[in-house]
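> Got a sequence here, can you build the structure:
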Amino acid sequence: MQSSLRGAIQAALASPGGQPQCPYPDWTLSHCWNNTQTITCALCGVYSVVIFLLWRTVVITPFKLVVVALHEFGHASATWLTCGSVEAMEVHADEGGVTKSRGGNRFIILSSGYLGSALWGMAMVYVCRSRVPRAARWS
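Coordinates of the predicted model:
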């Protein structure tokens, strides 16, 4: 009985290649963390602190207005995709905006603002990344 139990335990601890796995996990992350990831995380932290400090200044305002415009363009795109028409699209200096539309699927139009700005942001990151020469990329 003990030999069959021992065999079952060894089979459960064995990896697909047949080598026994260590029953204790390696929490040091030495096998999956490298210097590039450390630099990337540090830069994200630095960017976050800089943006936080400059958030209510005139330096960041143009970027926030672009995000508002992309948000409103998301509403306009959803209006066009659901066979509606866009009457007007406004972006205000107080970081607000409105898209006036007629027709289309209201549920899709109303829920497409944040999704639209996120998709446009993703597209901009992809385009910028594809323009960098491969030798200059970190990964």
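> average model confidence for stretch 58-66?
Averaged over stretch 58-66, pLDDT sits at 92.
> got it, and stretch 85-101?
For stretch 85-101, the mean pLDDT works out to 94.
> Can you verify Trp33 is assigned to a strand?
No - secondary structure of Trp33 (DSSP: H, G, I helix; E, B strand; the rest coil): coil, not part of a strand.
> State the distance from it to Ile39.
According to C-beta to C-beta, to the nearest Å, Trp33 and Ile39 sit 11 Å apart. All C-beta spots, glycine's among them, are computed from the backbone N, C-alpha and C.
> Find the residue at the geometric middle of the chain.
Nearest residue to the geometric centre of the chain (C-alpha atoms, centre = their mean): Met122, 7.1 Å.
> Need the pLDDT of that residue.
89.
> element containing it, please.
Element membership of Met122, judged by DSSP states H and E, is helix 106-131.
> for Thr99, same thing?
strand 97-102.
> in its sheet, what does that strand sit against?
With DSSP bridges as the test, strand 97-102 is paired with strand 85-91 (antiparallel).
> quick check: angle from the strand it pairs with to helix 106-131?
Angle, strand 85-91 to helix 106-131, by axes from the mean of the first three to the mean of the last three C-alpha atoms, to 10 degrees: 60 degrees.
> List the buried residues of strand 85-91.
Val86, Met89, Val91 (16 or more other C-beta atoms under 10 Å).
> and which of the residues you listed is nearest Phe73?
Met89 (7.3 Å; C-beta to C-beta).
> Out of the buried residues of strand 85-91, the closest to Ala69 would be?
Val91 (4.9 Å).
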